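# Build me a model from this:
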Amino acid sequence: MGNDTVLRPMLELSVIIPGAVLCYLPMKGHLNGKGRRIALWGIPALLLWAVAGGAACYRFRWDTNLWLVPSLALSALFYCRTITLSYWKTVSVFLAVCGTFSTLRNLAVLADALLSPKSGPVVFSLGGAAAYALFCWTLLGLMWYPATHAARWLLDEIEMPGTWYVFWILPVVFLSLNIAMRPQEYSTLYTNRVMMFYPVLMLALLALLLFCYALFYWMARGLTKNMRLTQENRFLQMQAAQYRILQKSIEDTRRARHDLRQHFKALQGCVESGDIDRVAEYVKAYGESLPPDAVRRFCKNYAVDAVLHYYGEQAVRQQTDMEVSVQMEEETIIPQPEFCALLGNLLENAIDACAGSKAPRIIRLHIRQQGKQALYLTLDNTSDQPPKSDDGRFLSSSHDGFGVGTESVRVTVERYSGDTRFEWKDGMFYVSVMLSAQNKP
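You can find the predicted model right below:
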């Protein structure tokens, strides 16, 4: 056999290169130390692996699947180890690429039958293997922008594990369908009108798969938008409550100033009569009737201040001692809505934990900002029982599944390459958060 026969299995196995590139395109910012070195030696290593596999398949007359299937298993394991995201996200991306490429393989079988009409078992000719590689590289080019924008956004924003678990079903179903519909003999394609309908069916399946991915993206966009609107409305309600408090304080002060002349007249009468004890009693009673001092302002940022006042009122209503110390600039380290959401989620969890506590209810919040470079936040609160966790992630105490608040905090901190830690010890739950302006995406 000539060199063209040796190139056939090499070309067929080389599709792992565009597949690997497509898997890593959405993962910017999620590669660990090992993953960052992939760009330097990953493609050359895969090329050598494909050449070695092709040579072995040619030498021992193996079917390329004997080399490809173990290669995919090893690639999946390596892929998950080089990505800092959860397995349910990385596996979803890997399965999505496999499901898409399985359709391209079926189209390559059809192209091979057209380029080299023959009968017998389906084994790619050099032309069919080249068509398969061409299809895969073309798909990579077409999917480059969606992978680096839409897919990357999904991985960064969607944090519901149940959604990703369900998402596994789609590529697995399409992968199974493509394997089931792949002809075992070339003669099958020449039977009746199979050659006419087979490409239409394969293209329809590929279009349906890509449409499902796009639909998932559009739905996620809509849900995220609704969640942010709900969050913004919540912040507006907090600010409105803070405004009502300020307005009441102003009205009480105006009323006290208006009544001050009458009090002076009463005191003047007591002084003229020489009844000093009565003057002292009157002054004491008047002091107790005065409105409280102006509403405390925790920080310069009005939105953050409104969040602190909102949860401070809740703490007072449920008899929780809430200590707040804030040293931060008017401009937040990260975008204001995200910081308010992070702070609100932490305080809401603390309020809920204290509400069910039999021990003295305590919340201690400390925020310290170092210029415009870094911000440190610690939150300690009473918690009678340690929170339940699964695979390092906390389970919700109010519904089935993972807790949304702590997960949202973790995702926000990770998005800005910060650090967050949660710990329960001796009836107290401790949270530490570090944010850096230098790590903004």
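
# so where's the stretch 1-150 of the chain uncertain?
Residue ranges of the stretch 1-150 of the chain with pLDDT under 70: 1-4, 33-37, 39-40, 119.

# all helices of it, in order?
Assigned by DSSP state H, counting those that start in this stretch, the stretch 1-150 of the chain shows helices spanning 3-13, 16-24, 38-60, 65-82, 87-115, 126-146.

# Just put those in a markdown table and tack on mean neighbour count and distance to residue 230.
Just so you know, the C-beta spots here come from the backbone N, C-alpha and C atoms, and that holds for glycine as well. Conversion of these to a markdown table gives the following (neighbours: other Cβ atoms under 10 Å; distance: least, Cβ to Cβ, whole Å):
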| stretch | mean neighbour count | distance to residue 230 |
| --- | --- | --- |
| helix 3-13 | 19 | 50 |
| helix 16-24 | 21 | 34 |
| helix 38-60 | 15 | 39 |
| helix 65-82 | 15 | 34 |
| helix 87-115 | 21 | 24 |
| helix 126-146 | 18 | 28 |
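
# between these, which gets nearest to residue 166?
Closest approach to residue 166 among the helices of the stretch 1-150 of the chain (Cβ to Cβ): helix 87-115, 9.7 Å.

# Who are the contact partners of the residue nearest to residue 205 when sequence neighbours are not counted?
Once flanking residues are discounted, residue 205 sits nearest to residue 103: 5.6 Å by Cβ to Cβ, 6 or more residues apart in numbering. Shown in contact with residue 103 (Cβ atoms under 8 Å, 6 or more residues apart in numbering): 174, 178, 202, 205, 206, 209.

# Selecting buried members of those in ChimeraX, what would you type?
The following ChimeraX line selects those of the contacts of residue 103 that are buried, judged by 16 or more other Cβ atoms under 10 Å:
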select :174,178,202,205,206,209
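
# and which of the contacts of residue 103 is nearest residue 128?
Lowest distance from residue 128 to the contacts of residue 103 (Cβ to Cβ) belongs to residue 202, with 14.5 Å.

# quick one: that closest one and residue 106 touch, right?
Yes. If you go by Cβ atoms under 8 Å, residue 202 and residue 106 touch, sitting 5.0 Å apart.

# need the helices for the stretch 301-441 of the chain, in chain order.
Counting by DSSP H, counting those that start in this stretch, the helices of the stretch 301-441 of the chain are 302-317, 336-355, 404-415.

# Out of those, which is the most enclosed?
helix 336-355 (a mean of 21; mean count of other Cβ atoms under 10 Å).

# how far off helix 302-317 does it point, in degrees?
Going by axes from the mean of the first three to the mean of the last three Cα atoms, to 10 degrees, helix 336-355 is angled at 10 degrees with respect to helix 302-317.

# helices or strands up against helix 336-355?
helix 194-273, helix 302-317, strand 362-370, strand 374-382, helix 404-415, strand 428-436 (3 or more Cβ pairs under 8 Å, 6 or more residues apart in numbering; DSSP states H and E).
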